[in-house]
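Q: I need the structure of the sequence given here:
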Amino acid sequence: MTETGIQIMIVDDNEELCGMLSHLVEQAGFHAQVVYDGEAALKRIHSRSPDVMLLDIKMPNMDGMEVLRQVKEIDPDLPVVMITAFAEIHGAVEAIKAGAHDYLAKPFDNNEVIRVIYRALAERDLKCKIRHLTEQVQEMRPLKEMMGPSDAIRRLESEVHCVAKSDFSVVILGETGSGKELVARAIHDHSVRSKAPFIPVDCGAIPEMLLESELFGHERGAFTGAVAQKSGKFEVAKGGSLFLDEISNMPLGFQAKLLRVLQDKVVYRVGGIKPIQVDVRLLVASNQNLDEITESGSFRKDLFYRLNEFTIVIPPLRERKEDISYLAKRFLDTANIELNKRVAGFSESAIESLIDFNWPGNVRHLRATIRRAVLLSDEVITERHLDLKKISTPEVAFHPKAHEVAWNHSPLKEILRHNVIAVEREVLMQALRHTGGNKAKAARLLQIDYKTMHTKVKQLGISLKEPLS
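A: Numbering: from 1, shown residues only. Reported below is the predicted structural model:
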């Protein structure tokens, strides 16, 4: 082994290419690990991750994209550099979107190979520093110091400590960017399951056809592309907590399967026949009121009743102004480390602007704003660096009306359910009219994520071909 001890894993079925890359890596003072197929690479990473992986996109049995996806599940911080032919650059770009650090197009320049490795090592080092800082902060500070010193957060922390001692399923409600995952992690960290995994899953980011495989796992050959057996999140979270974020986006058909798992405490991998016992605590989150969407028929009542053993509601940032300056300072410190800057603080007018702003994207919005301001500033952050006017959300008044009641002996509950759906549809239609049919803009206007907007447009039968004006 070389003096540096830095491990570079080369994964390619081409022995000649592996030999050439191995020589380059060793000449640069690193240690090369050569692996000729994806499954062998994943086995090694389970034992010990390298510092950088050079991975060919096209390989037999398990291609580079599938290896990349599984690598990111095992070690999200491992920088992966994709190796591709020049004519297949599109595939490399897709790989970067999927989490790859960079790509090398064959034939490549030897010096560029080493430069890319150094950049990848720098990225890994930065991620490690940020994670270490975050872990230190989480270990040293209670939840109220992570989210702010307001009375609302103190009450929230009290609820978290109370429910954490139980094994209740918890529903966490809050607007997008308000800190739902942070609350879920706090519940897990203060529970008897804290030494076991905390596994988050974004239900809105996974296509319906892949959701069962993601949560329950699959057997090799269960479907096209299933080149290896895969454990689902329920298995991975064994003994710990499974956090299902934006569960309101979960398709109705899959909700029945989830309910069955919660009742029977077993899962079956896709393509499998062997029941697998599961032992997890379920924490779920939504940016919508689950009680309301249950009444509208968009969410199963039986699943809602099973999940709703305890509910925590996170107030939006605009309702706890006293937290804004505190959070801004904390995000400033983190951004200074990440960007290697020494921005001292905020001007008085900048603080006033932060407090006066409505923050439609909540804490996530504030963090992104501060990070950008640190990048632009050299000494003190001013109103000019914040640039809040450009990203403010226009206020639009909606005036939906209930449908005329048809007196056909329907109970009040049924009449209200139909009118909730009608009102929701009308609000979405008005938002789409205001944005000229642009769903992304309408989602920002209503302060919901795009996937929620897309799902509701589909569920409520809104066609962008019908007149919006």
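Q: From here on, just use CA atoms for contacts and neighbour counts.
A: Will do.
Q: which stretches of this structure aren't confidently modelled?
A: In the prediction, the chain carries residues with pLDDT under 70 at positions 1-4, 86-89, 91-92, 131-141, 389-410, 413-414, 417-418, 464-469.
Q: Can you give me the domain boundaries for it?
A: Per automatic domain parsing, the domain ranges recorded for the chain read 7-132, 151-313, 317-391, 399-469.
Q: Relative to residue 142, which of those domains is closest?
A: Closest approach to residue 142 among the domains of the chain (C-alpha to C-alpha): domain 151-313, 8.2 Å.
Q: Between the two ends of stretch 202-209, how far is it?
A: Stretch 202-209 stretches 15 Å from its first residue to its last (C-alpha to C-alpha, to the nearest Å).
Q: I would like the residues contacting it, please.
A: Applying C-alpha atoms under 8 Å, 6 or more residues apart in numbering, the contact partners of stretch 202-209 are 211, 244, 245, 246, 247, 249, 250, 251, 451, 452.
Q: One more: stretch 301-308?
A: Here stretch 301-308 makes contact (C-alpha under 8 Å, 6+ apart) with 169, 170, 171, 255, 256, 259, 282, 284, 290, 291, 294, 295.
Q: ok, the first one - contacts?
A: Pointing back at residue 169 there. Under the criterion of C-alpha under 8 Å, 6+ apart, the contact list for residue 169 reads 281, 282, 283, 284, 307, 308, 309, 310.
Q: Just those residues: which are in strands?
A: 281, 282, 283, 284, 310 (DSSP state E).
Q: State the distance from the last one to residue 304.
A: Per C-alpha to C-alpha, residue 310 is found 11 Å from residue 304.
Q: One more: the first one?
A: Here the criterion is C-alpha to C-alpha. By it, residue 281 lies 15 Å from residue 304.
Q: Tell me which of these two has more neighbours.
A: residue 281 (23 against 17; other C-alpha atoms under 10 Å).
Q: Tell me, how many residues neighbour the closest residue to that one other than its chain neighbours?
A: Across the structure, with C-alpha to C-alpha, 6 or more residues apart in numbering as the measure, the residue nearest residue 281 apart from its sequence neighbours is residue 241 (4.6 Å). The burial count assigned to residue 241 is 29, neighbours taken as other C-alpha under 10 Å.
Q: Can you verify my assumption that residue 241 contacts residue 193?
A: Yes: checked against C-alpha atoms under 8 Å, the pair residue 241 and residue 193 is within contact range at 7.2 Å.
Q: Tabulate the domains of the chain in JSON lines, adding columns for distance to residue 144.
A: Below are the domains of the chain laid out as JSON lines (distance: least, C-alpha to C-alpha, whole Å):
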{"stretch": "domain 7-132", "distance to residue 144": "20"}
{"stretch": "domain 151-313", "distance to residue 144": "6"}
{"stretch": "domain 317-391", "distance to residue 144": "10"}
{"stretch": "domain 399-469", "distance to residue 144": "25"}
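Q: Run through the residues that contact the residue nearest to residue 281.
A: For residue 241, the contacting residues are 188, 193, 196, 197, 198, 199, 280, 281, 282, 283, by C-alpha under 8 Å, 6+ apart.
Q: Quick one: list the elements packing against the strand or helix carrying residue 255.
A: Counting by DSSP states H and E, the secondary-structure element that holds residue 255 is helix 252-264. With contacts taken as 3 or more C-alpha pairs under 8 Å, 6 or more residues apart in numbering; DSSP states H and E, helix 252-264 sits against helix 301-307.
Q: Report the beta-bridge partners for the residue nearest the centre of the chain.
A: Among the residues of the chain, residue 202 comes closest to the average C-alpha position under C-alpha atoms, centre = their mean, at 5.5 Å. Beta-bridge partners for residue 202, by DSSP bridges, are residue 245.
Q: Could I get the full set of strands for the stretch 151-300 of the chain?
A: Ranges of strands in the stretch 151-300 of the chain, per DSSP state E, counting those that start in this stretch, are 170-173, 198-202, 217-218, 230-231, 241-245, 266-267, 276-277, 281-286.
Q: residues of the second one that come out buried?
A: Within strand 198-202, the residues that qualify as buried by neighbour count (16 or more other C-alpha atoms under 10 Å) are 198, 199, 200, 201.
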